[in-house]
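K.L.:
A structural model of the following input is requested.
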Amino acid sequence: MLKITDSEFSALTSFIQSNYGVDLRKKRALIEGRLGNYIPGLGFASYMEYLEFAKKDPTGEEIITLLNRLTTNHTYFMRERDHFDFYGGTILPWIDRELRTRDLRVWCAGCSTGQEPYTLAVLTLEYLGQSAAGWEHTILSSDISDKALDAARQGLYPKSDLAEMPPEWVKKYFKPYDENRYSVTEKLKASLAFRRFNLLDRFTFRQPFQAIFCRNVMIYFDIPTKNTLINKFYDALLPGGYLLIGHSESLSSCTHSFKYVMPSVYRK
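P.N.:
You can find the predicted model right below:
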């Protein structure tokens, strides 16, 4: 395994933090574990040589690959289930009965390979039932990784990813692809709009969201970046709108105007 020098570690972590807000200054072992064999496999003799190659890649794909290798965690359907129970039991009824709008505006920020937004789409369709045709219920699903978004668009998942999903929903919204994988139905795919988006970029959304899911993404951000992003989320929400973050995350270190609802759930 290729070891990283102090100067290489500083250069790599500084580049990623300044350009993508991801703080890896305490992740030396993770960096070596995820890149130590990958970099020599590409034919590079050092981390610095590889970093320069990634920075000069005209397609931008190698930087995305680098970010994926250093930040991607395993996800699955119904992960942190209480959030989905809250979405189906509180957020959707609020949108339906109190806002009296048939325009659902929900954003899954950092959607990875799609398990989270597809779960939200299932819950939305289950709640709306036969009235779904009269609603605009497309869920915006964004990620910085084109590779992750391509996997999400394909909608092909191992059986293990569906273990927490109720069997009747699996039967209704998924179809067997082979012995070990399921594919999402076209109806479910049509409920999502996938976009490549860097959360550090300026938000230019035309209308405010009713709910934003940004779970297990900010664990990699330093406090100033996280603080800026939280307040951007606040401005992007409708009054009364909800922000849901990961169970291992907290807003305690941030200056913001959100009201605490329950662990990892906040309201504007």
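
K.L.:
quick one: low-confidence residue ranges for the stretch 151-268 of the chain.
P.N.:
Applying pLDDT under 70 to the stretch 151-268 of the chain picks out no residues at all.

K.L.:
apply 90 and report the result again.
P.N.:
159-164, 179-180, 216-225, 246-250, 252-254, 263 (pLDDT under 90).

K.L.:
strands of that one, start to end?
P.N.:
156-158, 174-176, 181-184, 192-196, 209-214, 237-245, 259-262, 265-267 (DSSP state E, counting those that start in this stretch).

K.L.:
which of those strands sits most buried?
P.N.:
Between the strands of the stretch 151-268 of the chain, strand 209-214 has the highest mean count of neighbours, a mean of 24, where neighbours are mean count of other C-beta atoms under 10 Å. In short, each C-beta sits where N, CA and C put it, glycine included.

K.L.:
ok, it: who's next to it in the sheet?
P.N.:
strand 106-109 (parallel), strand 237-245 (parallel) (DSSP bridges).

K.L.:
list the contacts of the very next helix or strand once past the first one.
P.N.:
If you walk from strand 106-109 toward the C-terminus, the next helix or strand you reach (DSSP states H and E) is helix 115-128. With contact meaning C-beta atoms under 8 Å, 6 or more residues apart in numbering, helix 115-128 is reached by 75-79, 84, 87-88, 92-93, 96, 104, 106, 108, 111, 132, 135, 137, 139, 141, 152, 155, 157, 161, 165, 169, 173, 184, 187-188, 191-192, 213, 215.

K.L.:
related to what we said a few turns ago, of the strands paired with strand 209-214, which is nearest N198?
P.N.:
strand 106-109 (10.6 Å; C-beta to C-beta).

K.L.:
which residues are in contact with the closest one?
P.N.:
116-117, 120, 124, 139-142, 197, 199, 209-214, 217, 233, 236.

K.L.:
what's the average pLDDT for it?
P.N.:
Here strand 106-109 scores 98 as its mean pLDDT.

K.L.:
distance to F205 added to the strands paired with strand 209-214, as JSON lines?
P.N.:
Listed next are these as JSON lines, based on distance: least, C-beta to C-beta, whole Å:
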{"stretch": "strand 106-109", "distance to F205": "8"}
{"stretch": "strand 237-245", "distance to F205": "10"}
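
K.L.:
between those strands, which gets nearest to L229?
P.N.:
The minimum distance between L229 and these falls on strand 106-109, with 9.1 Å, by C-beta to C-beta.

K.L.:
narrow the contacts of helix 115-128 to those in helices?
P.N.:
F84, L92, P93, A152, W169, Y173, K187, L188 (DSSP state H).

K.L.:
what count of nearby residues applies to the second one?
P.N.:
In other words, L92. As a burial measure, L92 scores 22 neighbours (other C-beta atoms under 10 Å).

K.L.:
tell me the spacing between the residue lying closest to it once chain neighbours are set aside and W135.
P.N.:
Nearest residue to L92, sequence neighbours excluded (C-beta to C-beta, 6 or more residues apart in numbering): Y127, at 4.6 Å. When distance is defined by C-beta to C-beta, to the nearest Å, Y127 is 10 Å away from W135.

K.L.:
of these two, who's got more company?
P.N.:
For Y127 versus W135, neighbours defined as other C-beta under 10 Å are more numerous around Y127 (20 against 17).

K.L.:
I'd guessed K226 sits against M218; true?
P.N.:
Yes. With contact defined as C-beta atoms under 8 Å, K226 counts as touching M218 (5.1 Å).

K.L.:
looking at the two, which has the bigger crowd around it?
P.N.:
M218 (26 against 23).

K.L.:
and that one, how far from E116?
P.N.:
Taken as C-beta to C-beta, the span from M218 to E116 is 15 Å.

K.L.:
contacting residues for the nearest residue to G246 once chain neighbours are set aside?
P.N.:
Once flanking residues are discounted, G246 sits nearest to N216: 3.7 Å by C-beta to C-beta, 6+ apart. N216 sits next to N73, T75, G110, I245, G246, S248, E249 when contact means C-beta under 8 Å, 6+ apart.

K.L.:
give me the spatial nearest neighbour of the residue sitting nearest the centre point of the chain, chain neighbours excluded.
P.N.:
Taking C-alpha atoms, centre = their mean, the centroid of the chain lies closest to G110, which sits 2.0 Å from it. Setting aside the residues directly before and after it, G110 is nearest to V217 in space (C-beta to C-beta, 6+ apart), at 3.7 Å.
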